[in-house]
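Enquirer: Prediction below, plus the sequence it came from.
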Amino acid sequence: MKVSVILPTYNEKESILLLIREISEILSHELLDYEIVIVDDNSKDGTYQLIVDAFGNDPCIVPILRLNEKGLASAILHGIRNSTGDILVVMDTDFNHPPKLIPLLIKITGYFDIAVGSRYVIGGGMETSRLRYFGSKLFNKFIHYTLGVRTTDNLSGFFAFNKSILDGIRPEAIFYGYGDYFIRFLYVMQKRKKIILEIPVFYEDRKGGLSKTNLKKELVRYSVTVFKIRFGKLKYT
Ligand SMILES: Nc1nc2c(ncn2[C@@H]2O[C@H](COP(=O)(O)OP(=O)(O)O)[C@@H](O)[C@H]2O)c(=O)[nH]1
Ligand SMILES: [Mg+2]
C-alpha cells in the first residue's frame, strides 16, 4: 500500500519546506511507502524553486509546476492524476491542517472509504474569530438541510481516501473552482453510498504568508454550488 499526500500550493514559501519535512518525518516513522506531490501554480514568491532546491534528490518528493492553469481544486485533481498511491491525502500547505493527524486519517481508510478532518464534530474547531467559526458552521447546516448530506464539515479540504472511490465518476465534474469542490465531492460520495468517517480537527492559524480566500466571493460561489447540486446540475458519471 502506497500513500500519496497531495499539496496544492500558491505563494507558501514561508511554510512549505517545514511542512514537507514534517510530513516526511511522520510518514517515515510510520514505515509507510509514500510520496508527497506538490502542485504549484507558478507562485510569484518562488515556492516551486525552493522545493526543487531543498528536495531535488528525494524520490519521495514530487514537485509539479503548472504554468497554464490556476486554481485550488484543479491543482488537487492534477495532483491526483499524477499520483501513484492507493491512498490519497489532501491538505492545505499553510499548517491550517495539522500534519500530526495524517497517520490517523490514513488508518481510517483501512476501514472506511473516506476520512475527513472536521471542525464541527466534538473536539474540532478553528483558530479564528467567533463570527467566522459560527458563520462557517451555519453555512454547513445550510448545506446539510439543502442537500441532505450527513457530513458536518463540507468545506474541510483535509481528508484521505482510497483512490478507487473515483472509479466510475468524472473527477473533472467535481474538482474545479475553489473550496466548493469539497461540497461536490462529499455529496457525490454520499450518493454513491461511500462510507465517510469524520474525525475532530482543530485548524490552527496559518504559519506565515497570506490567505487566498476571498470570503465574500467564495460565499457566493459556495451558495451557487449548493443550489446547482440541489437542482440536479451535477453530472458526475
Ligand atoms: N495550486 C494552487 N493552490 C492554491 C491556490 N489557491 C490556494 N491554494 C492553496 O490552497 C490552500 C488553501 O488556501 P488558503 O489561502 O490557506 O485558504 P484559507 O485556508 O481559506 O485561508 C493553501 O495550501 C494554498 O496554498 C491556487 O490557485 N493554486
Ligand atoms: Mg489556509
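Expert: Cool, got the structure. Ligands and ions are numbered 1, 2, ... in the order given.
Enquirer: When you work out contacts or count neighbours from here on, use the C-alpha atoms and nothing else.
Expert: Fine.
Enquirer: Quick check: phi and psi at Val37.
Expert: Per-residue torsions, Val37: phi -100, psi 110 (degrees, to the nearest 10).
Enquirer: nope, Val5 is what I was after
Expert: Backbone torsions for Val5, taken as degrees, to the nearest 10, come to phi -100, psi 120.
Enquirer: residue ranges of the strands in this structure, please?
Expert: With DSSP state E, the ranges of strands along the chain come out as 2-9, 33-40, 61-65, 87-90, 114-118, 125-126, 159-162, 196-200, 202-203.
Enquirer: What residues does the protein have near ligand 1?
Expert: Residues of the chain found near ligand 1 (CA under 6 Å from any ligand atom) are 8-10, 12, 39-41, 70-72, 75, 92-94, 211-213.
Enquirer: Next, work out how far apart the most far-flung residue of the chain relative to its centre and Ile51 are.
Expert: Taking CA atoms, centre = their mean, the residue of the chain most remote from its mean C-alpha position is Asn57, at 26.1 Å. Asn57 is 11 Å from Ile51, where distance means CA to CA, to the nearest Å.
Enquirer: can you give me the mean pLDDT across stretch 198-217?
Expert: Averaging pLDDT along stretch 198-217 yields 94.
Enquirer: got a list of contacts for stretch 116-134?
Expert: 105, 137, 152-153, 156-160, 196-205 (CA atoms under 8 Å, 6 or more residues apart in numbering).
Enquirer: rerun at 6 Å
Expert: Stretch 116-134 is contacted from outside by 152-153, 158-159, 198-205, using CA atoms under 6 Å, 6 or more residues apart in numbering.
Enquirer: ok, now stretch 179-193?
Expert: With CA under 6 Å, 6+ apart, stretch 179-193 has contacts from 154-155, 174-175, 222.
Enquirer: Tell me the most packed of those residues, by neighbour count.
Expert: The most neighbours of any of the contacts of stretch 179-193, using other CA atoms under 10 Å, belong to Asn154, which has 28 neighbours.
Enquirer: got a list of what that one touches?
Expert: Ile183.
Enquirer: I'd like the numbering to begin with 36 instead of 1 from here.
Expert: With the count now opening at 36, the last piece we talked about shows up as Asn189.
Enquirer: one step back: got CSV for the contacts of stretch 214-228, with pLDDT and distance to Phe220 too?
Expert: Shown next, in CSV, are those (pLDDT from 0 to 100; distance: CA to CA, whole Å):
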residue, pLDDT, distance to Phe220
Asn189, 98, 9
Leu190, 97, 10
Ile209, 98, 6
Phe210, 98, 8
Tyr257, 98, 13
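Enquirer: among those, which are in helices?
Expert: Mapping the contacts of stretch 214-228 onto helices (DSSP state H) picks out Tyr257.
Enquirer: Just the closest of the contacts of stretch 214-228 to ligand 1, please.
Expert: Ligand 1 lies nearest to Leu190 out of those, by CA to the nearest ligand atom, at 9.3 Å.
Enquirer: Just want the phi and psi numbers for the closest one.
Expert: Phi and psi for Leu190, reported as degrees, to the nearest 10, are phi -130, psi 30.
Enquirer: For stretch 229-242, buried residues please.
Expert: In terms of neighbour count (16 or more other CA atoms under 10 Å), stretch 229-242 has its buried residues at 231-238, 241-242.
Enquirer: now stretch 114-128
Expert: 114-115, 118-120, 122-128.
Enquirer: can I get the CA coordinates of it in CSV?
Expert: The C-alpha atoms that make up stretch 114-128 are tabulated as CSV, following Å, rounded to 0.1, in the frame of the first residue of the first chain:
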residue,chain,number,x,y,z
GLY,A,114,-2.0,16.0,-8.1
ILE,A,115,-4.4,13.1,-8.0
ARG,A,116,-3.8,12.3,-11.7
ASN,A,117,0.0,12.5,-11.2
SER,A,118,0.0,10.4,-8.0
THR,A,119,0.9,6.7,-7.8
GLY,A,120,-0.5,5.9,-4.3
ASP,A,121,-3.6,3.7,-3.4
ILE,A,122,-4.4,6.0,-0.5
LEU,A,123,-4.5,9.8,-1.2
VAL,A,124,-4.3,12.5,1.5
VAL,A,125,-5.2,16.1,0.6
MET,A,126,-4.4,19.1,2.8
ASP,A,127,-3.6,22.8,2.9
THR,A,128,0.1,23.8,2.9
